[in-house]
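Enquirer: any chance you can model this:
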Amino acid sequence: MKVVVIGSGLIGVTTAYFLRCRGHEVVVIDREDGPGRETSFANGALLTPSMAEPWNSPGSWRVLVTSLGRSDAAMKLRLKALPSLASWAVTFLRNSRTAAFERNALSNLVQLIVIRAN
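Expert: Now for the predicted structure:
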């Protein structure tokens with residue numbers, strides 16, 4: 001089977017690798033000129049079951065609010081970026097509710113276990 005993987009970040013490259021191991025013909029495409037050049041820049045190359053929880057845990061909005069304008073904040077959010085982040089913020093907060101957070105963490109964990117099993 002011929003497969004196209006869109007995105008050459010950690011998940012895209014890992015997906016392509018395992019598809020190739022299973023005998024598929026794989027092409028990875030990305031809009032950047034090299035792998036892992038966007039978003040979290042390969043998330044520091046970390047993909048582990050011990051870190052399956054999403055960053056938007058219940059109450060994380062408090063950290064964001066208290067970090068506004070602080071240069072030493074763990075989660076930096078610049079005021080001038082707020083207008084462009086409006087739709088992202090709504091999704092972030094919606095997924096910060098306990099039920100959504102638990103569902104997403106479980107989904108992440110299952111995906112990591114499936115990757116390790118293969």
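Enquirer: buried residues in the strand or helix carrying residue 91?
Expert: Counting by DSSP states H and E, the secondary-structure element that holds residue 91 is helix 86-94. Using 16 or more other C-beta atoms under 10 Å as the test for burial, helix 86-94 gives residue 92. Using the backbone N, CA and C atoms, a C-beta is placed for each residue, glycine as well.
Enquirer: pLDDT (mean, whole number) over the longest helix seen in the chain?
Expert: Ranked by residue count, the top helix of the chain under DSSP state H comes out as helix 98-117. Model confidence over helix 98-117, given as mean pLDDT, is 83.
Enquirer: now do it and helix 86-94, the angle between them.
Expert: In this structure, helix 98-117 runs at an angle of 90 degrees to helix 86-94, with axes from the mean of the first three to the mean of the last three C-alpha atoms, to 10 degrees as the basis.
Enquirer: for helix 98-117, packing partners?
Expert: Contact partners of helix 98-117 among helices and strands, from 3 or more C-beta pairs under 8 Å, 6 or more residues apart in numbering; DSSP states H and E: none.
Enquirer: buried residues, it. List them.
Expert: For helix 98-117, burial by neighbour count (16+ other C-beta under 10 Å) applies to 100, 101, 104, 108, 112.
Enquirer: how distant is that helix from the center of its chain?
Expert: Centroid separation for helix 98-117 versus its chain: 12 Å, with C-alpha atoms, centre = their mean, to the nearest Å.
Enquirer: can you check stretch 68-75 too?
Expert: Chain-centre distance of stretch 68-75: 21 Å, with C-alpha atoms, centre = their mean.
Enquirer: mind listing what's buried in that stretch?
Expert: When burial is assessed from 16+ other C-beta under 10 Å, stretch 68-75 yields no buried residues.
Enquirer: could you give the average pLDDT over it?
Expert: Average pLDDT, stretch 68-75: 74.
Enquirer: as CSV, could you dump the C-alpha coordinates of that stretch?
Expert: Output of stretch 68-75 as CSV, limited to C-alpha atoms (Å, rounded to 0.1, in the frame of the first residue of the first chain):
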residue,chain,number,x,y,z
LEU,A,68,0.8,37.2,31.8
GLY,A,69,3.6,39.7,31.5
ARG,A,70,6.1,37.7,33.6
SER,A,71,9.4,37.0,31.9
ASP,A,72,10.1,34.1,34.3
ALA,A,73,6.8,32.3,33.8
ALA,A,74,6.8,28.6,33.0
MET,A,75,4.0,29.1,30.5
